[in-house]
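**Student:** okay, predicted coordinates and the sequence, questions at the end:
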Amino acid sequence: LLVMFSLSVRLSFVLFFFFFQAEDGIRDRLVTGVQTCALPIYELVFSYDFEYYDNDQLKEEPLFNKDGVWDGDWIRYFEGGEKASQRGYGNGRPDGIWISWHDSTFVKVQEMTYKDSLLEDNYFEWWMDEKPKVTGFYVHGKKDSKWSYWDKFAHQRFEIYELDRLIFKWGWKYYDNNQV
């Protein structure tokens, strides 16, 4: 039994009673624009409607496990081929590093880690010039410890959390003209 999954805006399931053979399980781009990954006979084979930019650059590339659930890195690309985002999944749930990049500078805009669908460990955001915007720490999906925030002028403020409860915050207030 072969089940093919098509995701663009919707999921559609098509059942086939034959085995589609692809060389060494490598994804092949078919004339229809569908890529297929072949698995041993009697296991499910998944298909995804891959989308492409006008220049034939792939827009996104997901990975699925044998049950048709997101598993592994889901990568999105900019039109020029640079990564736009990378999101880790484990058995359909956020699990692993999630990174996003700026569309004009291709430097990281955000990085965080999920474990069992909860934010965990370090959290980072950056301005387009690669200067820090936010740094913090999560414990089981809750803000914890010191969080630092920088505005576009590199003025910093701090917040201290204990499992999502704000304990303390400190920082200067600035006027639009950059004066304290």
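**Tutor:** Done, it's in.

**Student:** pLDDT averaged over the helix or strand hosting Y123 - what is it?
**Tutor:** Counting by DSSP states H and E, the element that carries Y123 is strand 118-126. For strand 118-126, mean pLDDT is 98.

**Student:** how close does the most centrally placed residue in the chain sit to Y114?
**Tutor:** In the chain, the centroid-proximal residue (Cα atoms, centre = their mean) is R87; its distance is 2.4 Å. Distance of R87 to Y114, given as Cβ to Cβ, to the nearest Å: 9 Å. C-beta coordinates here come from the backbone N, C-alpha and C atoms, glycine included.

**Student:** for Q156, same thing?
**Tutor:** 27 Å.

**Student:** more crowded one of these two?
**Tutor:** For Q156 versus Y114, the count of surrounding residues by other Cβ atoms under 10 Å is larger for Y114: 21 against 13.

**Student:** next up, the contacts around Q86.
**Tutor:** Listed by Cβ atoms under 8 Å, 6 or more residues apart in numbering, the contact partners of Q86 are 73-76, 97-99.

**Student:** taking those, tell me the two that lie furthest apart.
**Tutor:** Pairwise distances across those (Cβ to Cβ) peak at 14.3 Å, for the pair R76 and I97.

**Student:** please identify which of these two sits among more neighbours.
**Tutor:** Counted by other Cβ under 10 Å, R76 and I97 do not tie: R76 has more neighbours, with 16 against 13.

**Student:** chain center to the host helix or strand of that one: distance?
**Tutor:** Secondary structure assigned from DSSP H and E places R76 in strand 72-77. Centroid separation for strand 72-77 versus its chain: 6 Å, with Cα atoms, centre = their mean, to the nearest Å.

**Student:** what strands flank that strand, and is each parallel or antiparallel?
**Tutor:** Paired neighbours of strand 72-77 in the sheet (DSSP bridges): strand 60-61 (antiparallel), strand 83-90 (antiparallel).

**Student:** which residues does stretch 105-122 contact?
**Tutor:** Counting by Cβ under 8 Å, 6+ apart, residues outside stretch 105-122 touching it are 78, 82-83, 88, 90, 93-102, 123-126, 128-130, 135-141.

**Student:** how much space between Y175 and F153?
**Tutor:** In terms of Cβ to Cβ, Y175 sits 11 Å off from F153.

**Student:** likewise for V107?
**Tutor:** According to Cβ to Cβ, V107 stands 19 Å off from F153.

**Student:** okay, these two: which has more neighbours?
**Tutor:** Between V107 and F153, counting by other Cβ under 10 Å, V107 is the more crowded of the two (12 against 8).

**Student:** and the pLDDT for the more buried one?
**Tutor:** V107 is given a pLDDT of 92.

**Student:** flag the shaky bits of this protein, pLDDT-wise.
**Tutor:** The chain contains residues with pLDDT under 70 at 1-47.

**Student:** now tell me what touches the strand holding R76 from outside.
**Tutor:** Contacts for strand 72-77 (Cβ under 8 Å, 6+ apart): 57-65, 83-89, 96.
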